[in-house]
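# predicted model and sequence below, questions to follow.
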Amino acid sequence: MAGRGKSTRQSRTESERARLHAARRAWHDGRIRRRTRDNAVAVVVGVLVVAGAIASQVVHAQVNPPAPSPSPTVSPAETPLPGDPLVPEDAPSDVPSDAPVE
């Protein structure tokens, strides 16, 4: 009779281990599916955000076109008259002064 109790206890232990293993495996498989689903949702949301930003910039550029940049124009320069000195009046002179330089 002692033999029957030992095999029953062993079979119970094995069945409990098998049940726990199946439960852990199902839990692990569920986590893998959830990660895959979460990654897919994140990619879709990211693509939508980028597409929205691009569309926003395109609409903004069409509604508010950039101001044209000014092109350089040639302005007529003053030509000195024949009697005018070549050095302007406000140019520094070469004569040293006694005043301190600031």
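Cool, the structure landed. Residues are numbered from 1 along each chain as shown.

# which residue ranges form the strands in this structure?
Read by DSSP state E, the chain holds no strands at all.

# low-confidence ranges, it, go.
Residue ranges of the chain with pLDDT under 70: 1-5, 80-81, 83-97, 99-102.

# and if we set it to 50?
Along the chain, the parts satisfying pLDDT under 50 run over 1.

# any idea which residue sits dead centre in it?
Nearest to the mean C-alpha position of the chain, by CA atoms, centre = their mean, lies Val50 at 10.4 Å.

# contacting residues for that one?
Under the criterion of CB atoms under 8 Å, 6 or more residues apart in numbering, Val50 has no neighbours. To be clear about C-beta, it is placed using only N, CA and C from the backbone, and glycine gets the same treatment.

# what's the distance between Ala77 and Ser71?
19 Å (CB to CB, to the nearest Å).

# same question but for Ile54, I mixed them up
Distance, Ile54 to Ser71, using CB to CB: 31 Å.

# who's more crowded, those two?
Using other CB atoms under 10 Å as the criterion, Ile54 and Ser71 rank with Ile54 on top: 10 against 5.

# mind listing what the more buried one touches?
Ile54 neighbours (CB under 8 Å, 6+ apart): none.

# mind checking how far it is from Ala42?
Relative to Ala42, and taking CB to CB, Ile54 is found at 19 Å.

# same deal with Glu14?
Distance from Glu14 to Ala42, by CB to CB: 42 Å.

# what's stretch 21-36 in contact with?
Stretch 21-36 has contacts (CB under 8 Å, 6+ apart) with no other residue.

# list the buried residues for that stretch?
Under the neighbour-count criterion of 16 or more other CB atoms under 10 Å, stretch 21-36 has nothing buried.

# show me where this protein has its helices.
With DSSP state H as the criterion, the chain has helices at 2-63.

# list the contacts of Thr13.
With contact set as CB under 8 Å, 6+ apart, Thr13 has no partners.

# I'd like the numbering to begin with 569 instead of 1 from here.
Will do, 569 is the new start, and the previous item becomes Thr581.

# from His589, how far out is it?
Thr581 is 12 Å from His589, by CB to CB.
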